[in-house]
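K.L.:
just need the structure, nothing else, for what follows:
(one chain, ligands or ions: 2)
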Amino acid sequence: MLLDLSHLRRADEHFEREIPAADLAGEDAAYRVLLPARLSFDVQKDKNVFRLTGTVAGELELACSRCLEPYRFPVASTFDQRYLPQTEVAAEGAEHEVGADDLDASFYKEDAIDLGELVREQFYLALPMKPLCTDGCKGLCAQCGTNHNLSSCACTAAWEDPRLAPLKTLRDRRDHA
Ligand SMILES: [Zn+2]
Ligand SMILES: [Zn+2]
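P.N.:
Ligands and ions are numbered 1, 2, ... in the order given. Now for the predicted structure:
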């Protein structure tokens, strides 16, 4: 979904937009989008630089890194993003002195800002390093794959540290001697 910049009437305008889930799919399927994302933001225009400040709310489905089960992950984040015209930066080339402010700026082209891209960026920033369905997720049994959140298995009791096996053999020999 594009925000048309050519129709901005004032220097500061408020927008509410809903971005369909289909427009927000993650490229590497790091998440699944469950609901349309709600955007609420102000656009401040300063010559050809636009500043978008506001909030994005959405709901994602992530896979737990321990038990691999999908779980819902609500996102509610705020953003403050500057947009520079892409053509101008390219045209100025090496002449263009990149200010510190420009480094984290985004670009718009043909008088439009891609709101889907803005939301995808916010989603990626919100993703946890290590997704967990719950803080206390017990994960899967390394041997039989049982989800320990749902049931237990006999593996844990039977499991022995293989590094201790030679010691056990020695002990058994001694006991049976
Ligand atoms: Zn889990
Ligand atoms: Zn098991």
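
K.L.:
if I look at the spatially closest residue to residue 63 that is not a sequence neighbour, how far off is residue 139?
P.N.:
Leaving aside its sequence neighbours, residue 63 sits nearest to residue 70 (CB to CB, 6 or more residues apart in numbering; 5.7 Å). C-betas here are computed from N, CA, C, even on glycine. Residue 70 sits 15 Å away from residue 139, going by CB to CB, to the nearest Å.

K.L.:
now do residue 8
P.N.:
Distance from residue 8 to residue 139, by CB to CB: 51 Å.

K.L.:
who in this protein is up against ligand 2?
P.N.:
141, 143, 144, 146, 153, 155 (CB under 5 Å from the ion).

K.L.:
ok, which stretches of the chain are strands?
P.N.:
Ranges of strands in the chain, per DSSP state E, are 2-4, 12-19, 32-33, 37-46, 49-63, 70-85, 106-108, 112-114.

K.L.:
quick one: contacts of the second one?
P.N.:
Contacts with strand 12-19, where a contact means CB atoms under 8 Å, 6 or more residues apart in numbering, come from 1, 3, 36-45, 54, 115-116, 119.

K.L.:
repeat that for the last one.
P.N.:
The contact list for strand 112-114 (CB under 8 Å, 6+ apart) reads 1, 2, 3, 4, 5, 50, 52, 83, 106, 108.

K.L.:
now for this protein, the helix or strand with the poorest mean pLDDT.
P.N.:
Least confident helix or strand of the chain, by mean pLDDT, DSSP states H and E, is helix 86-92 with a mean of 61.

K.L.:
what residue spans form the domains of the chain?
P.N.:
Here the domain parsing of the chain from automatic domain parsing is 2-126, 138-177.

K.L.:
buried deepest among the ones you listed, which one?
P.N.:
The highest average neighbour count among the domains of the chain, using mean count of other CB atoms under 10 Å, belongs to domain 2-126 at a mean of 15.

K.L.:
for the closest residue to residue 80 other than its chain neighbours, which residues make a bridge with it?
P.N.:
The shortest distance from residue 80 to any non-neighbouring residue, by CB to CB, 6+ apart, is to residue 53 (4.7 Å). Under the criterion DSSP bridges, residue 53 forms beta bridges with residue 42, residue 80.

K.L.:
just the CA trace of stretch 116-125, in CSV.
P.N.:
Output of stretch 116-125 as CSV, limited to C-alpha atoms (Å, rounded to 0.1, in the frame of the first residue of the first chain):
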residue,chain,number,x,y,z
GLY,A,116,3.9,-2.1,3.5
GLU,A,117,7.7,-1.8,3.6
LEU,A,118,7.5,0.5,6.6
VAL,A,119,5.4,-2.1,8.5
ARG,A,120,7.6,-5.0,7.5
GLU,A,121,10.7,-3.1,8.8
GLN,A,122,8.9,-2.5,12.1
PHE,A,123,7.9,-6.2,12.4
TYR,A,124,11.6,-7.2,11.8
LEU,A,125,12.7,-4.8,14.5
